[in-house]
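In: how would this look folded up:
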Amino acid sequence: MVLSRFVPEAYPLRPVIAALHVMSLVVSFGAVLLVDWHGLLWLAGRRALTESTRLAAAASPIIWAGLGGLFVTGTLLRPDIGSPLTLVKLALVLAVCVNGAVMAPVRLKLSQLSPDASPVDVPEREWRRMMLATTVSQIGWWGAVAIGFVNAST
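Out: Numbers count the residues shown, from 1 in each chain. Next up is the predicted model:
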């Protein structure tokens, strides 16, 4: 974010950068929502675990690419680092990133379970990590989105 200090407050491409920022959000958060929705369908017994873990693995590069786009465009939008709301948003985005990295080994463990494994077959430690990660993800994403819209409207 220190780099954002070198970006002028107003420049001709700012609307394009803002549009790219929103598109990065849609790509990344949309993929997260799809993975989480599929996980809920597995919990409800409407999908197999292998389907959910394969979808999560396939969506991972899309999520990370969208996050990369958010970082680059967010820097170019010159956020107000002095704003407490902006700092909370940045902390939420950091939490989402760390959370995603922490979930990789859990996803690997889940993919090693039987293809027809149900939620009761998931080891307790992985179950807790999975539930915590899903909660952190949803709070982080929805919180950052809400703060982004509040900051954009002020």
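
In: hey, let's count contacts and neighbours off CA atoms from now on
Out: Noted.

In: Measure how buried residue 65 is and give me the count.
Out: 15 (other C-alpha atoms under 10 Å).

In: my read: it touches residue 29, true?
Out: No - look at residue 65 against residue 29 with C-alpha atoms under 8 Å: they stay out of range, at 11.0 Å.

In: any chance you could map the helices in this protein?
Out: 14-43, 49-76, 84-111, 124-153 (DSSP state H).

In: Between these, which one is closest to residue 117.
Out: helix 49-76 (6.2 Å; C-alpha to C-alpha).

In: where does the chain have low pLDDT?
Out: For the chain, the stretches with pLDDT under 70 are 1-7.

In: Angles on the backbone of residue 83, please.
Out: Residue 83 has phi and psi values of phi -80, psi 130 when expressed as degrees, to the nearest 10.

In: still on that earlier bit, including distance to residue 117, could the helices of the chain go into JSON lines?
Out: Putting these into JSON lines (distance: least, C-alpha to C-alpha, whole Å) gives the following:
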{"stretch": "helix 14-43", "distance to residue 117": "10"}
{"stretch": "helix 49-76", "distance to residue 117": "6"}
{"stretch": "helix 84-111", "distance to residue 117": "9"}
{"stretch": "helix 124-153", "distance to residue 117": "13"}
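
In: Nearest to residue 8 among those would be which one?
Out: That would be, of the helices of the chain and by C-alpha to C-alpha, helix 49-76, which comes in at 8.8 Å.

In: and the closest one, what does it pack onto?
Out: Packing partners of helix 49-76 (3 or more C-alpha pairs under 8 Å, 6 or more residues apart in numbering; DSSP states H and E): helix 14-43, helix 84-111.

In: List the buried residues for it?
Out: Neighbour counts over helix 49-76 (16 or more other C-alpha atoms under 10 Å) mark 49-53, 55-57, 59-60, 62-64, 66-67, 69-76 as buried.
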